[in-house]
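Enquirer: generate a structure from the sequence data that follows.
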Amino acid sequence: MKTVVEKPYLIFLLSIPMVLLIGVLSGDTAFDINVHDTYFVIAYSHLTTLISFVFGVIGIGYWTMYKTNRALSQWLNGIHIGLTFGGAIIVWIMTLFYGDEIMEYELNNNLSFVITLVIAIMVLGQIIFPINIIYGLIKGKNIT
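Expert: Purely as a prediction, here's the structure:
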């Protein structure tokens, strides 16, 4: 765990092939979001491409800070990694509890709300990345 917090670019850059593989293996399936009377439909392949791009930008940002010997906050690194990957695992586990029967409507409705809340926290948690980069630029170089 110490290596991941000290070199967060590793987990982001190494997860890109796995995310892209999930997109390729998902085939033609789509992710749909219902907001009142509007449906937003996104193909998994497009979603995984977007996530891979974002992970690439984050990984390159962390790698650049590491190569320029800038001091990043390990605490912020841990929170950012935890929110990003921990939130994704929680969302994946929660989607396994969806029921297919009409009798489980209330459970699915509450589960959808919790999943949406976790995703919102994950997205808002991405603000930690630029804060950490700015912190590293202001703090300066590591003294080692």
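
Enquirer: mind jotting down where the helices sit in this structure?
Expert: Secondary structure of the chain (DSSP state H): helices at 2-6, 8-25, 44-67, 74-81, 87-95, 105-125, 128-139.

Enquirer: could you dump the fourth one to PDB, C-alpha only?
Expert: Spelled out, it's helix 74-81. Output of helix 74-81 as PDB, limited to C-alpha atoms (Å, rounded to 0.1, in the frame of the first residue of the first chain):
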ATOM      1  CA  GLN A  74       0.600  11.100   0.700                       C
ATOM      2  CA  TRP A  75      -2.600  11.700   2.700                       C
ATOM      3  CA  LEU A  76      -4.300  13.300  -0.300                       C
ATOM      4  CA  ASN A  77      -2.900  10.600  -2.600                       C
ATOM      5  CA  GLY A  78      -4.500   7.900  -0.400                       C
ATOM      6  CA  ILE A  79      -7.900   9.700  -0.200                       C
ATOM      7  CA  HIS A  80      -7.900  10.200  -4.000                       C
ATOM      8  CA  ILE A  81      -7.000   6.600  -4.700                       C
END
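
Enquirer: mind listing what's buried along it?
Expert: Of the residues in helix 74-81, 76-77, 79-81 count as buried by neighbour count, 16 or more other Cβ atoms under 10 Å. From N, CA and C alone the C-beta is placed, and that goes for glycine too.

Enquirer: I'd like the helices of the chain as a markdown table, with mean pLDDT and distance to Phe31 appended.
Expert: Below are the helices of the chain laid out as a markdown table (pLDDT from 0 to 100; distance: least, Cβ to Cβ, whole Å):
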| stretch | mean pLDDT | distance to Phe31 |
| --- | --- | --- |
| helix 2-6 | 78 | 28 |
| helix 8-25 | 92 | 11 |
| helix 44-67 | 93 | 6 |
| helix 74-81 | 92 | 24 |
| helix 87-95 | 89 | 10 |
| helix 105-125 | 84 | 11 |
| helix 128-139 | 91 | 24 |
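
Enquirer: same list (those helices) but as JSON lines, adding distance to Asp32.
Expert: Formatted as JSON lines, the helices of the chain follow (distance: least, Cβ to Cβ, whole Å):
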{"stretch": "helix 2-6", "distance to Asp32": "34"}
{"stretch": "helix 8-25", "distance to Asp32": "16"}
{"stretch": "helix 44-67", "distance to Asp32": "11"}
{"stretch": "helix 74-81", "distance to Asp32": "29"}
{"stretch": "helix 87-95", "distance to Asp32": "13"}
{"stretch": "helix 105-125", "distance to Asp32": "12"}
{"stretch": "helix 128-139", "distance to Asp32": "28"}
